[in-house]
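>>> Need a 3D model of the sequence below.
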Amino acid sequence: MKITILGVTGLVGQTLLKVLENSHIDVTQLIPVASERSIGKIINFRGNEYPVVGVEQALSLRSQLAIFSAGASVSKAWAPKFVEMGTVVIDNSSAWRMEPDIPLVVPSINANELHTHPKLIANPNCSTIQMVMALAPLHRKYGIKRIVVSTYQSVTGTGMKAVKQMESERRGEPVQEMAYHYPIDRNVIPHCDVFLENGYTKEEMKLVNETKKILNDYSIAITATAVRVPTMGGHSESVNVTFHNNFSLEEVRQLIANTPGVELYDDPFNNIYPMPLIAHQTDKVFVGRIRRDESMLNSLNLWIVADNLRIGAATNAVWIAEYLVNNKLV
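Model (predicted):
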């Protein structure tokens, strides 16, 4: 399997390398791609050295599979060209997610979408992935009527510039380049991505629209508030869910505990609950603080945490790739 990783020097790209290295995919040749300033840089992968190349050279090498992690504008410009060359593209950006004919896939939920033999596959937003992985078994059992979600999102979701801003602020050093409009250390910023005409941010509307598409249920009412916080290990979410049908807390916990990729981490009386420190560099979605919402019929509160660079981006992309390879779809 000849695989291209586009955006290999970024935070997600570097995480992709680590996850792919530990995967079961037999990578016979890696084609690392980055911007012009990184061309020629050596990437070590499974004991071999691969020089970073430009996107045009990568296109000419005709890999069977390409994973894009270079932003929506790059994906819009180059993903169709790779597809024309016969390459299957898994795209981490927001460019294609809401296109009706392009599958938006979390393999444990809707891998059946991949059996339509798509050449372009969208990887969902990081905050969406962890939420739907926890909620999908509950939706199948009780039917979700409404979701209210508030996120507490790591600076790593913005990229290396944001990490450097926070670290510089913590050291009391001048910030060379601001990722945010305001300081992030010792602060929270209720602003993830750009604001839209309806007053919500793109990040908040991703949670709304992508969740409906992945769960294949456009009747679910969803509202979101996305907040940037000065953490590194992953995104956290406070999720309030109203179901069509009643539930028992014991059954909810059992459903979550039996869901692949999801770990029940819920013993608050012994101070056991999900945190970014727990989720960091793991491939699990941690769910805790499970309790009935006593103010609303058939409603539940959950606290969901996952490493946004791994399960929220790189790991889910590699899971898609593994599914394609294992089922001979690529």
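
>>> how about the helices of the stretch 51-200 of the chain, start to end?
55-60, 72-84, 107-110, 126-142, 160-171 (DSSP state H, counting those that start in this stretch).

>>> Would you tell me which of those helices gets closest to Thr201?
Judged by C-beta to C-beta, the one of the helices of the stretch 51-200 of the chain that comes nearest to Thr201 is helix 126-142, at 11.3 Å. Any C-beta I mention is one placed from the backbone N, CA and C, and that applies to glycine too.

>>> So for that closest one, mean pLDDT?
Averaging pLDDT along helix 126-142 gives 98.

>>> So this structure: which segments form each domain?
2-124+313-326, 127-307 (automatic domain parsing).

>>> Columns mean neighbour count on top of the ones you listed, output as CSV?
Listed next are the domains of the chain as CSV, based on neighbours: other C-beta atoms under 10 Å:
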stretch, mean neighbour count
domain 2-124+313-326, 19
domain 127-307, 18
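
>>> follow-up on the earlier one: okay, the helices of the stretch 51-200 of the chain in TSV with distance to His191 next?
Listed next are those as TSV, based on distance: least, C-beta to C-beta, whole Å:
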stretch	distance to His191
helix 55-60	31
helix 72-84	19
helix 107-110	29
helix 126-142	14
helix 160-171	12
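
>>> Looking at those helices, which is nearest to Ile222?
If we rank the helices of the stretch 51-200 of the chain by C-beta to C-beta, the stretch that ends up nearest is helix 126-142, at 9.7 Å.

>>> hey, C-alpha coordinates of the closest one in PDB?
Extracted in PDB, the C-alpha atoms of helix 126-142 (Å, rounded to 0.1, in the frame of the first residue of the first chain):
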ATOM      1  CA  CYS A 126     -12.800  16.400  16.200                       C
ATOM      2  CA  SER A 127     -15.500  17.500  18.700                       C
ATOM      3  CA  THR A 128     -18.200  15.700  16.700                       C
ATOM      4  CA  ILE A 129     -16.400  12.400  16.600                       C
ATOM      5  CA  GLN A 130     -16.100  11.900  20.300                       C
ATOM      6  CA  MET A 131     -19.700  13.000  20.900                       C
ATOM      7  CA  VAL A 132     -21.300  10.700  18.300                       C
ATOM      8  CA  MET A 133     -19.100   7.700  19.400                       C
ATOM      9  CA  ALA A 134     -20.600   8.000  22.900                       C
ATOM     10  CA  LEU A 135     -24.100   8.800  21.800                       C
ATOM     11  CA  ALA A 136     -24.600   6.400  18.900                       C
ATOM     12  CA  PRO A 137     -25.500   3.400  21.000                       C
ATOM     13  CA  LEU A 138     -27.900   5.500  23.100                       C
ATOM     14  CA  HIS A 139     -29.500   6.800  20.000                       C
ATOM     15  CA  ARG A 140     -30.100   3.300  18.700                       C
ATOM     16  CA  LYS A 141     -31.700   2.200  22.000                       C
ATOM     17  CA  TYR A 142     -33.700   5.300  23.100                       C
END
